[in-house]
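Chemist: Provided below for reference: sequence and predicted model.
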Amino acid sequence: MDAKDSGDGKQNTADMTQFVQNLLTQMQTRFQTMSDSIVSKIDEMGERISELEQSINDLRAEMGAEGTQPPPSPSKKDGSAA
């Protein structure tokens, strides 16, 4: 009986080892997929930020070209004309 119990124990240990290895492999694959997805989204966000910065700079340049004229003087039409 001891030989049979010893064989079952070794088989259970081998099965558990295989199960844990498979589980770790699956987890590693999932983490790698998530990591790749996060990096991709960060890269995409960086590109969008760059486009936004360029749009802001273009708007500033436009406003600078239009703003070469002096700004209009504030009017004194607030009822103080006596």
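Modeler: Structure received.
Chemist: Point me to the helix or strand that includes A61.
Modeler: Assigned by DSSP states H and E, A61 belongs to helix 2-66.
Chemist: That helix: how far from the chain's middle?
Modeler: Chain-centre distance of helix 2-66: 11 Å, with CA atoms, centre = their mean, to the nearest Å.
Chemist: which stretches of the chain have low pLDDT?
Modeler: Scanning the chain for pLDDT under 70 picks out 1-6, 67-82.
Chemist: again, only using 50
Modeler: Applying pLDDT under 50 to the chain flags residues 1, 81-82.
Chemist: Go ahead and flag the most central residue of it.
Modeler: With distances taken as CA atoms, centre = their mean, I42 lies nearest the centre of the chain, 3.7 Å away.
Chemist: how much space between that one and I49?
Modeler: Shown here: I42 relative to I49, a distance of 10 Å by CB to CB, to the nearest Å. In short, each C-beta sits where N, CA and C put it, glycine included.
Chemist: Would you mind measuring from the residue nearest to the centre of the chain to E53?
Modeler: From I42 over to E53 the distance is 16 Å, taken as CB to CB.
Chemist: Tell me, how many residues neighbour D43?
Modeler: 10 (other CB atoms under 10 Å).
Chemist: just T13 next, same as before
Modeler: Counted with other CB under 10 Å, T13 comes out at 10.
Chemist: Could you do A61 as well?
Modeler: With other CB under 10 Å as criterion, A61 counts 10.
Chemist: swap in T17?
Modeler: Other residues near T17 number 10, with proximity taken as other CB under 10 Å.
Chemist: where's it relative to K10, distance?
Modeler: 10 Å.
Chemist: One more: M16?
Modeler: Distance from M16 to K10, by CB to CB: 11 Å.
Chemist: what does A65 give?
Modeler: A65 sits 82 Å away from K10, going by CB to CB.
Chemist: ditto for D58
Modeler: D58 sits 72 Å away from K10, going by CB to CB.
Chemist: same question, A61
Modeler: Taking CB to CB as the measure, A61 falls 76 Å from K10.
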